[in-house]
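Asker: pasting the sequence and the predicted coordinates here, then a few questions.
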Amino acid sequence: MKKSSKLHKLLQKIWDQDMQEYPTYATRCGEHQYNDRLSSMSLQDIARRYKNKQKFLQNLKNLDQDQMSQEDQIYYETMKRLLEDEIHENAFQAYLMPVTARQGFHSSFPHLPDLVPLHTVKDYENYIARLNAFKVYTEQYIALMREGIQKGLVVPRLTLEGCEHTIRCQLVEDIKASRFYKPFLNFPKSFSSKDCRGLEKAGRKSIEESIFPSYRIFLKFMQEEYLPASRESISLSALPQGKEYYAFLVKHHTTLDITPEEVHKIGLNEVERIHKEMEEIIKKLKFTGSFAEFLNFLRNDSRFYAQSPKQLLQEASYLLKKMDGELPRFFKTLPRTPYGIKEVPDYIAPQTTTGYYEPPSGDGSKAGFYYVNTYNLKSRPLYELECLSFHETVPGHHLQLALQMELTDMPQFRRFSHFSAFLEGWALYSERLSKEMGFYTDLYSDFGRLTYEMYRACRLVVDTGMHCMNWPRQKAIDFMLSNTALSEHNIVTEVDRYISTPAQALAYKIGEIKIKELRSYAETELGKLFDLREFHDEVLRHGALPLPILENNIKTYVSKKKQA
């Protein structure tokens, strides 16, 4: 069948409007026509966007799906899922709870200097315009949060611990120490002296009159209004419509029609299975103590910890360079875009997990980056580094997302679709795949891999436990302490993350289980015809997808392969 021109026109219209409505996201995607703007976060504009999404969904449903090609049906179903979820979530008014210590406009905006292009005078003028717009941006977020207070839609107080530190980090005495001033320290050599002086003056003014005052106002608001109004309860179910909202989030993040209770049971079964594998490694190491004593040994023996941030970064770099050389044996298609390694910025490090990945820009001007947290080295064991590094970069997030960015023959929205169950499921699948590729030869590192898999399984138990079954925070912490070798600092950070972002952490294990199921299905159905490199290409070639669509794709691939 031919491409559906009506579908592609509608998809492009939706994309174009999203770029206009979310300018910083547009910049990340390589769309630079709105580089001088920030999103409007007023209640009126949020309501207008909600109505537009409803119109787009109706227009999409009016198309004749039966006349679409297989590829177009994938685009149709994917966009339909995105619109339906966005409309559904909007009804719960989650936008009235936009800030925690871990996330929010106050902590993401300081990344702006690293996000935007700064090659021309116009680029600098756009950057300064955004700095000036931050004042209204902050006022709009404060208005949303005040509305949330009025409606009883506020975040747990616990999730705001450290928020004041994150804000204060932007209120430096020396303006040249500000992250926002960074672009004015080194101008491109092509700029005239006059341009440099003028831009530096304008930039300094925008930081002094927009950025600093906005952060001061926001700090005062948090201290005097929001923190006192925040809730003691940690469970999302404590909010108006909280139980319904959590049930929605479980389906949203897993992309499956599954209940919190079903997820909880899956988690308990996985914990039991992984625990047996861990015990086998302990036996191979000839450790004579109990399981709890072994975990305590791992957490406290100095041999397992880097002595400096440089050592931690060097270890990660070495592991990934070794992995790069093995990738062609397991993948037919590899991304052209490179990745780099950086330290997690100081101002967010205390509230940030062990590491994370930032995808490359859509226009290819910026590489992907793996951020390693070097704060509190005693909580960053080296036996976890192998697993973490493979998850965040290759064959995990970077390989998958960089390939997705390079799918330039697809509608734009497909290159930037982020379905957590697919993205995180693939990255977790990659951890075990790395063992097949010859890694984790050290038994302690292999135990580190299992402890990472274990804490993803524990997430299914503690996330649903806290938000659906009235588990207190300490019960969640104790459950993870007794089942994983993660440091207590990491576990507390993780549990607080599950409180801050309910159900998101369920995506990892649920996605990985589905990908493993599909590989097993393909191996069984195809027998000698099964090609692992080809299977990996088939999983990745469409980019991130809802799991039911991925399953349909793999079954179609297997059927065609058998008939060939």
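Answerer: It's in. It should be emphasised that the depicted structure is a prediction, and the values quoted were computed from it without experimental measurement.

Asker: what about the closest residue to residue 465 other than its chain neighbours, how many neighbours?
Answerer: Spatial nearest neighbour of residue 465, chain neighbours left out: residue 471 (3.6 Å); criterion: CB to CB, 6 or more residues apart in numbering. In short, each C-beta sits where N, CA and C put it, glycine included. When neighbours are counted by other CB atoms under 10 Å, residue 471 registers 18.

Asker: can I assume residue 471 sits in a strand?
Answerer: No: counting by DSSP: H, G, I helix; E, B strand; the rest coil, residue 471 is not found in a strand; it is coil.

Asker: what's the spacing between it and residue 461?
Answerer: Counting by CB to CB, to the nearest Å, the gap from residue 471 to residue 461 is 9 Å.

Asker: and what of residue 34?
Answerer: Taken as CB to CB, the span from residue 34 to residue 461 is 43 Å.

Asker: who's more crowded, these two?
Answerer: Ranked by neighbour count (other CB under 10 Å), residue 34 and residue 461 place residue 461 first, with 23 against 18.

Asker: what mean pLDDT does the helix ranked longest in the chain get?
Answerer: Selection of the longest helix in the chain by residue count, based on DSSP state H, yields helix 121-151. Mean per-residue pLDDT for helix 121-151: 99.

Asker: can you check stretch 30-44 too?
Answerer: 97.

Asker: which elements pack onto the helix or strand bottoming out on mean pLDDT in the chain?
Answerer: Within the chain, no helix or strand scores below helix 488-500, which has a mean of 91 by mean pLDDT, DSSP states H and E. Counting contacts by 3 or more CB pairs under 8 Å, 6 or more residues apart in numbering; DSSP states H and E, helix 488-500 packs against helix 443-468, helix 473-483.

Asker: let's have these in TSV, adding mean pLDDT and distance to residue 244.
Answerer: Formatted as TSV, those follow (pLDDT from 0 to 100; distance: least, CB to CB, whole Å):
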stretch	mean pLDDT	distance to residue 244
helix 443-468	97	11
helix 473-483	96	22
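
Asker: correct me, but residue 369 touches residue 342?
Answerer: Yes: shown here, residue 369 and residue 342 form a contact pair, counting by CB atoms under 8 Å, at 5.3 Å.

Asker: those two: who's more crowded?
Answerer: Comparing residue 369 with residue 342 by other CB under 10 Å, the one with more neighbours is residue 369, at 19 against 12.

Asker: just read off the phi/psi values of that one.
Answerer: Dihedral angles of residue 369 (phi, psi; degrees, to the nearest 10) stand at phi -140, psi 140.

Asker: quick check: beta-bridge partners of it?
Answerer: For residue 369, the beta-bridge partners are residue 340, residue 358 (DSSP bridges).

Asker: so how far is residue 273 from residue 436?
Answerer: Residue 436 is 18 Å from residue 273, by CB to CB.

Asker: from residue 222, how far off is residue 178?
Answerer: 20 Å.

Asker: care to break the chain down by domain?
Answerer: 5-238, 247-512 (automatic domain parsing).

Asker: buried deepest among those, which one?
Answerer: domain 247-512 (a mean of 19; mean count of other CB atoms under 10 Å).

Asker: start and end of that domain, how far apart?
Answerer: Start and end residues of domain 247-512 are separated by 20 Å (CA to CA, to the nearest Å).

Asker: before we move on, the earlier item: ok now the longest helix of the chain, how far from the chain's centre?
Answerer: On the basis of CA atoms, centre = their mean, to the nearest Å, the separation between the geometric centre of helix 121-151 and that of its chain is 23 Å.

Asker: what helices or strands is that helix leaning on?
Answerer: In terms of contacts (3+ CB pairs under 8 Å, 6+ apart), helix 121-151 is packed against helix 43-61, helix 105-108, helix 112-115, helix 193-206, helix 212-221.

Asker: ok and that helix relative to helix 212-221, angle-wise?
Answerer: On the basis of axes from the mean of the first three to the mean of the last three CA atoms, to 10 degrees, helix 121-151 is oriented at 20 degrees to helix 212-221.

Asker: quick one: helix 121-151 to helix 43-61, angle?
Answerer: Helix 121-151 and helix 43-61 meet at an angle of 100 degrees, taking the same axes, to 10 degrees as the criterion.

Asker: now do stretch 394-411, average pLDDT.
Answerer: Taken as a whole, stretch 394-411 carries a mean pLDDT of 96.

Asker: swap in stretch 155-166?
Answerer: Mean pLDDT, stretch 155-166: 93.

Asker: first to last residue in that stretch, what's the distance?
Answerer: End-to-end distance for stretch 155-166, by CA to CA: 17 Å.

Asker: among the helices and strands packed on helix 488-500, which comes closest to residue 365?
Answerer: helix 443-468 (32.5 Å; CB to CB).

Asker: which elements pack onto the closest one?
Answerer: Going by 3+ CB pairs under 8 Å, 6+ apart, helix 443-468 lies up against helix 242-254, helix 260-284, helix 385-392, helix 420-436, helix 473-483, helix 488-500, helix 507-526.
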